[in-house]
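Participant: sequence first, then the predicted structure:
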Amino acid sequence: MKSPQIIRTVLLILLLCLTFSCVSRKEIVYFQGLDQVENQLDENINTSLKIKPNDLLTISVSAPEQEAALPFNLPVVGVPQGGAELGGLSVNGRQQLQTYLVDSDGNIEFPVLGTTEVAGLNRQELSAKLKSQISEYVQDPIVNVRIVNFQVSVLGEVNRPGTFDVKDEYLSLSKALGLAGDLSIYGRRDNVLVMREENGQKIHAYLDLTDPAVINSPFYYLQQNDVVYVEPNGAQIQSASYNRNAGVYISIASVLISLAVLITN
């Protein structure tokens, strides 16, 4: 084969590689056409967390007469210096609030009030419920409730996979992916899996991040212990079956072709 033919062949191969490696905007860009559906969003979607069995809660009760509220609080426990703070809640730096563990029936054992059903309520609803019951004993009580075991796991084709602690009670899918460093270029934006446990059942949904209507999905707002999995795209799956030294072999072949061109000239 003459050198011009070799050069044309190499250029053709490179052109084909570039053609097949191109990725369209539709496969990459999030929330395409969001301005067209912005006024159609479902305002009734509840983004607040519901308390579930095995959740950990901190509940503090205060009142103008603080001594009257003391029986409704668990004792504050000391934490050794350098110890971790549970849920970021601490008192006086080295002390922290004890937590209530929601049992399998959805109840906690609350001081004075006894067994109290909490599962299915959000933080504000439980606060209002306890405030109503405590008002029989304490004037103008203030009840503060926190869910301190809010964690989500983000796996697959993201830049920093892992399990993340969430300080507040609002976490969208896009924010969770941001905690994981966003999707890598090899992650499928149109088929993100969200898995969760609800009423003792495992449920899941596949979400398309390129579709602006995804923000209407009840799975778009994550709950405690949700798992997000980003599937690799076709190119990444295919590359997994290739020899990892393929790039080296291609480089060697390119050098040999270049030498052959020089020799034939």
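Facilitator: Ah, there it is.

Participant: I'd like to know how many residues surround the residue lying closest to residue 208 once chain neighbours are set aside.
Facilitator: Closest residue to residue 208 apart from its sequence neighbours, by C-beta to C-beta, 6 or more residues apart in numbering: residue 190 at 4.5 Å. From N, CA and C alone the C-beta is placed, and that goes for glycine too. Residue 190 sits with 15 neighbouring residues when counted by other C-beta atoms under 10 Å.

Participant: surely residue 190 and residue 230 touch.
Facilitator: No - at 10.8 Å, residue 190 does not count as touching residue 230 under the criterion of C-beta atoms under 8 Å.

Participant: show me where pLDDT drops low in this structure?
Facilitator: 1-47, 78-95, 234-251, 253-265 (pLDDT under 70).

Participant: which parts of it are strands?
Facilitator: Remark: strands assigned in the chain by DSSP state E are 56-62, 77-78, 95-96, 100-101, 107-110, 114-117, 142-147, 151-156, 162-165, 192-198, 201-207, 226-230.

Participant: mean neighbour count and distance to residue 70 added to those, as JSON lines?
Facilitator: JSON lines is the format used below for the strands of the chain (neighbours: other C-beta atoms under 10 Å; distance: least, C-beta to C-beta, whole Å):
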{"stretch": "strand 56-62", "mean neighbour count": "20", "distance to residue 70": "8"}
{"stretch": "strand 77-78", "mean neighbour count": "11", "distance to residue 70": "15"}
{"stretch": "strand 95-96", "mean neighbour count": "17", "distance to residue 70": "15"}
{"stretch": "strand 100-101", "mean neighbour count": "16", "distance to residue 70": "17"}
{"stretch": "strand 107-110", "mean neighbour count": "17", "distance to residue 70": "14"}
{"stretch": "strand 114-117", "mean neighbour count": "12", "distance to residue 70": "17"}
{"stretch": "strand 142-147", "mean neighbour count": "19", "distance to residue 70": "13"}
{"stretch": "strand 151-156", "mean neighbour count": "19", "distance to residue 70": "32"}
{"stretch": "strand 162-165", "mean neighbour count": "13", "distance to residue 70": "30"}
{"stretch": "strand 192-198", "mean neighbour count": "18", "distance to residue 70": "36"}
{"stretch": "strand 201-207", "mean neighbour count": "12", "distance to residue 70": "41"}
{"stretch": "strand 226-230", "mean neighbour count": "21", "distance to residue 70": "37"}
